[in-house]
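S.K.: Following is a predicted model, sequence given first.
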Amino acid sequence: MIKVGVCGALGKMGQEVCQAVLDCPETELVAKIDIASSEMYHHIEDASRVEDIDVLVDFTQPKSIFENAKYCLNNGIKIVIGTTGLKDEEIEYLKQLSKENNTGCLIAPNFSTGAVLMMMFAKQAAKYFDNAEIIELHHNQKKDAPSGTAIKTANMMAEVKSDFTKDNCPETETIEGARGGNSYSNIHIHSVRMPGYIASQEVIFGSSGQIMTIRHDSMDRKCYMQGVLLAVKHIAEKNDFIYGLDQIM
């Protein structure tokens, strides 16, 4: 039985994770952690002093995830990170910390198997198109932009091509930011924040005479739970560092 703690247990994703862990015959929910609750553990440190946690699942805030992850890896607690907003240099630091302490760490910008397949398909398509942009659409309570999924998608596409703006003319933005953020291999990422969305993403590829769009929509947070449990079970058995659910699918 894998003993699981959930950090950010009061959040919408945290609540779904807690229920998924309770429903899974291979996992046991031993600690619910949320700084906003008077009935749960406030901090990972509080929970780890009382409970034996094999794997911590973190769905908190961008401002706290880096410190949470460092604490876990320095104290022998394996961690599955669903919180987005980590910087490249922070991810690299956690990778080194995971290796140094021989403690498993899995970071997934998206736990939906469909979204992960979208990213994998985008990487395949990137071999055959010289122009591409990404539009990501989320609810208006999401604090980081662009989304971790969009960043990971661009990163994967950039592995196979160095530039996605072939033959684009010189541009002038009359309104700053109109062309979105310029990411890896000059892939422009556009972030939309709107009530009604949960999480959606389009990867648009273009070449002379054709457009191809790969799109994924999440309508219910339950779609992430299969991926979360897959990550928990993997990291419970391994001490490796994983960035992206595609690495274990």
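M.R.: Structure's in. What do you need?
S.K.: who's in contact with the residue lying closest to residue 41 once chain neighbours are set aside?
M.R.: Nearest in space to residue 41, with sequence neighbours left out and distances taken as CB to CB, 6 or more residues apart in numbering, is residue 47 at 4.0 Å. All C-beta spots, glycine's among them, are computed from the backbone N, C-alpha and C. With contacts taken as CB atoms under 8 Å, 6 or more residues apart in numbering, residue 47 has the following neighbours: 5, 31, 33, 41, 53.
S.K.: could you say which helix or strand contains residue 47?
M.R.: When secondary structure is defined using DSSP states H and E, the element that contains residue 47 is helix 44-50.
S.K.: right, and the helix or strand after that helix?
M.R.: Scanning forward in sequence from helix 44-50 by DSSP H and E, the next helix or strand is strand 55-58.
S.K.: Please name the strands paired to that next one in the sheet, noting orientation.
M.R.: Each strand that pairs with strand 55-58, with its direction, by DSSP bridges: strand 2-7 (parallel), strand 78-81 (parallel).
S.K.: Can you check the pLDDT for residue 14?
M.R.: For residue 14, the pLDDT comes out at 96.
S.K.: The closest residue in space to it that isn't next to it in sequence: neighbour count?
M.R.: Setting aside the residues directly before and after it, residue 14 is nearest to residue 8 in space (CB to CB, 6+ apart), at 4.2 Å. When neighbours are counted by other CB atoms under 10 Å, residue 8 registers 26.
S.K.: Isn't residue 8 up against residue 34?
M.R.: Yes: applying CB atoms under 8 Å, one finds residue 8 in contact with residue 34, separated by 6.1 Å.
S.K.: Give me the common contacts of those two.
M.R.: residue 14.
S.K.: May I have the phi/psi pair for the residue nearest the centre of the chain?
M.R.: Nearest to the mean C-alpha position of the chain, by CA atoms, centre = their mean, lies residue 109 at 1.2 Å. Note on residue 109: its backbone torsions stand at phi -60, psi -20 [degrees, to the nearest 10].
S.K.: Report pLDDT for it.
M.R.: On pLDDT, residue 109 comes in at 89.
S.K.: With residue 84 instead?
M.R.: The predicted local confidence for residue 84 is 87.
S.K.: ok, it - contacts?
M.R.: For residue 84, the contacting residues are 62, 109, 144, 147, 148, 149, 151, by CB under 8 Å, 6+ apart.
S.K.: now with 7 Å?
M.R.: The contact partners of residue 84, taken as CB atoms under 7 Å, 6 or more residues apart in numbering, are 62, 109, 144, 147, 148.
S.K.: can you count the residues close to the fourth one?
M.R.: If I follow you right, that is residue 147. When neighbours are counted by other CB under 10 Å, residue 147 registers 23.
S.K.: Residue 105 too?
M.R.: Using other CB under 10 Å as the criterion, the residues surrounding residue 105 number 25.
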